[in-house]
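>>> Quick one: sequence plus predicted model below, questions after.
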Amino acid sequence: MLRNSGSSLRLIASLQTLIPSSSHQLLQRSPVSGTAKGKAKLKAGQTLKRSTLGRKKAAGGEPATSRGGGRARNEAIERLNRMVDSCLNAPAPVRHLTAKERAREAEREKLGLISKERQREIDQEKARAKAGGAAPEEEPVIMGTPGLDLITLGLVDKESIPKYELTVEDGRRLAKEYSRVLMRKHRARQAAETTLLRLKKEAIAALPDHLREAALVPDLTPFPANRYMATLTPPIEGYIDKVREAAKKHTVKEKLR
Amino acid sequence: MEGLRRLCIETVRKKGGRDRGEKQREMQRSAALLLLRTLRSRGFSSSSSDKIVAAVLFERLPVVIPKIDPVVYAFQEFSFRWRQQYRRRYPDEVLGKGDARGKGEYQIDYVPAPRITEADKTNDRRSLQRALDRRLYLLLNGSTYGAPDKKPVWHFPEKIYENEETLRLCAESALRSVLGGLQHTYFVGNAPMAHMTVEPKEHSSDTPSFERFFFKSQVIGTSKLHIEKCRDYVWVTKDELMEYFPEQADFFNKMIIS
């Protein structure tokens, strides 16, 4: 609980640097221990305290500055507060409940008490059942940026991906197959590298003496810095020149102080 | 090694009334005897009469990451979706703040180049743009040392060893004669990576039975190379390489990983 209030206050503190305000110690620290322990006692369900400095200033600054300026500032502050609220109360599609919490909720339902989130879940299910009982959304989830994900680039065949549901058993089965495939590849690679090393040793042993000494000298020169590292897509011809030109144009535009 | 140590211990034990010089001579003699013994027990004849050929396995490393197994991708997608279930959905106006660019930044949108190039479609084996997610090896067609003359054969760039300092220099000169210069190559280490003895077949006009040592080197910093001094050249992947050398297939299978 204490952790939550600390992080929310920090979020507001960082956002409020957008609005000029005097520095204010948001979390009071005890003079003896230097910690905030025992200072802010939060009760469950209590609305979190928020620093009202910004609002006060807006209200105070309104008669001082011109009318139009003050109103815009107020709106900006309101918008910010709304954004912060929506972030803090953003819902997740599936609630994460521990076993204890689940048992508690089941017992409360027997008594007839339903928490807000549980109510929301029930409403969501009703809405889903009403909207499209026979319309399952089949669009495959895109991982990563839209144009550069693995399927569109051709790294994976869409059809050969095995079908699965989002359940625990399916997850376990997929995990087993994943581990099996990767371990097989790893072991094959290790075996191949051992063979390479063995061939190298045999070759060195098969050399005549003076050549063998020269071959055994370790070559410590590092590999060249421009050795190409495999990337997701191949390099585009002439792209680097475009980027350099754009960089040059930008530096010319900026004023030199 | 063990024998040498035992001999040293023996001579040290027999310290007694022996002269220092005598002891040293003893040690030297025993050491020399041991070396000769080990050489003879290794079983190969003195290699001065055999010919040595340095060949170069010139490879172009993959340009693009390899294809991903669908099972692996399925698990990654499952774990991603499972985690997304429990993540908060933030409103779009908050997420949109990430796209705002600072004053000095610029972003050029680009269409990513396709991973399957034209050379793939036309199966042009002379181009380096072919199988971008695999390694390509250089093969030359022409007359080589081991083959009967007047018959062009597919072979790696090679050169007979003639009293240079090291075998790696010999291999470098072999590659230099093919490429014209070594700016775009990198030789991996001073030692060869594999060797094979080439026995002569029925009719042999040249000296029989030479040893071919392979050196590994990689293409650096270029996507076009001009190959000269041969009738023909190809850049091939491992599977195609097996077609060019049907008899030595398992040797190359061991020598080249992928």
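Looks like it arrived, so ask away.
>>> From now on I want contacts and neighbour counts done on CA atoms only, so please keep to that.
Fine.
>>> helix or strand for the residue with the shortest distance to the centre of chain B, which one?
Among the residues of chain B, the smallest C-alpha distance to the mean C-alpha position (CA atoms, centre = their mean) belongs to B:Lys216, namely 3.0 Å. Assignment of secondary structure by DSSP states H and E places B:Lys216 within strand B:210-219.
>>> Name every strand pairing with the following helix or strand past that strand and say which way it goes.
Read in the C-terminal direction, the helix or strand following strand B:210-219 is strand B:232-236, with elements assigned using DSSP H and E. Under the criterion DSSP bridges, strand B:232-236 sits next to strand B:136-142 (antiparallel) in its sheet.
>>> any idea how far the strand it pairs with is from the chain center?
Here strand B:136-142 is found 14 Å from its chain centre; the criterion is CA atoms, centre = their mean, to the nearest Å.
>>> sorry, back to before: list the helices and strands the strand holding B:Lys216 packs on?
Packed against strand B:210-219, as judged by 3 or more CA pairs under 8 Å, 6 or more residues apart in numbering or on different chains; DSSP states H and E, are the following elements: strand B:52-60, strand B:185-187, strand B:194-198.
>>> Least confident secondary structure element in chain A?
With mean pLDDT, DSSP states H and E as the measure, the helix or strand of chain A carrying the lowest mean pLDDT is helix A:53-64 (a mean of 46).
>>> re the thing from before, highest average neighbour count across the helices and strands packed on strand B:210-219?
Most buried of the helices and strands packed on strand B:210-219 by mean neighbour count (mean count of other CA atoms under 10 Å in any protein chain shown) is strand B:52-60; its value is a mean of 24.
>>> Does anything pack onto that one? Which helices or strands?
For strand B:52-60, the packing partners by 3+ CA pairs under 8 Å, 6+ apart are strand B:136-142, strand B:158-160, helix B:167-179, strand B:210-219.
>>> circling back: partners of the residue nearest to the centre of chain B in the sheet?
Beta-bridge pairing of B:Lys216, defined through DSSP bridges, involves B:Leu57.
>>> Report the contact partners of it.
With contacts defined as CA atoms under 8 Å, 6 or more residues apart in numbering or on different chains, B:Lys216 is in contact with B:56-59, B:187-188, B:192-193.
>>> Make a markdown table from those residues and add pLDDT to it.
As requested, those are exported to a markdown table (pLDDT from 0 to 100):
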| residue | pLDDT |
| --- | --- |
| B:Val56 | 92 |
| B:Leu57 | 92 |
| B:Phe58 | 92 |
| B:Glu59 | 92 |
| B:Phe187 | 91 |
| B:Val188 | 89 |
| B:Pro192 | 92 |
| B:Met193 | 91 |
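>>> Tell me which two of these sit farthest apart.
B:Glu59 and B:Pro192 (14.8 Å; CA to CA).
>>> Looking at stretch A:219-228 now, give me its mean pLDDT.
This predicted structure assigns stretch A:219-228 an average pLDDT of 89.
>>> next one: stretch A:182-192
Here the average pLDDT along stretch A:182-192 is 95.
>>> Over to stretch B:243-255?
For stretch B:243-255, the mean per-residue pLDDT is 89.
>>> Start and end of it, how far apart?
Taking CA to CA, to the nearest Å, stretch B:243-255 runs 15 Å from one end to the other.
>>> on that earlier part again, let me have the helices and strands packed on strand B:52-60 in a markdown table, extended by distance to A:Ala246 and mean pLDDT.
Converted to a markdown table, these look like this (distance: least, CA to CA, whole Å; pLDDT from 0 to 100):
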| stretch | distance to A:Ala246 | mean pLDDT |
| --- | --- | --- |
| strand B:136-142 | 35 | 90 |
| strand B:158-160 | 47 | 87 |
| helix B:167-179 | 36 | 89 |
| strand B:210-219 | 31 | 90 |
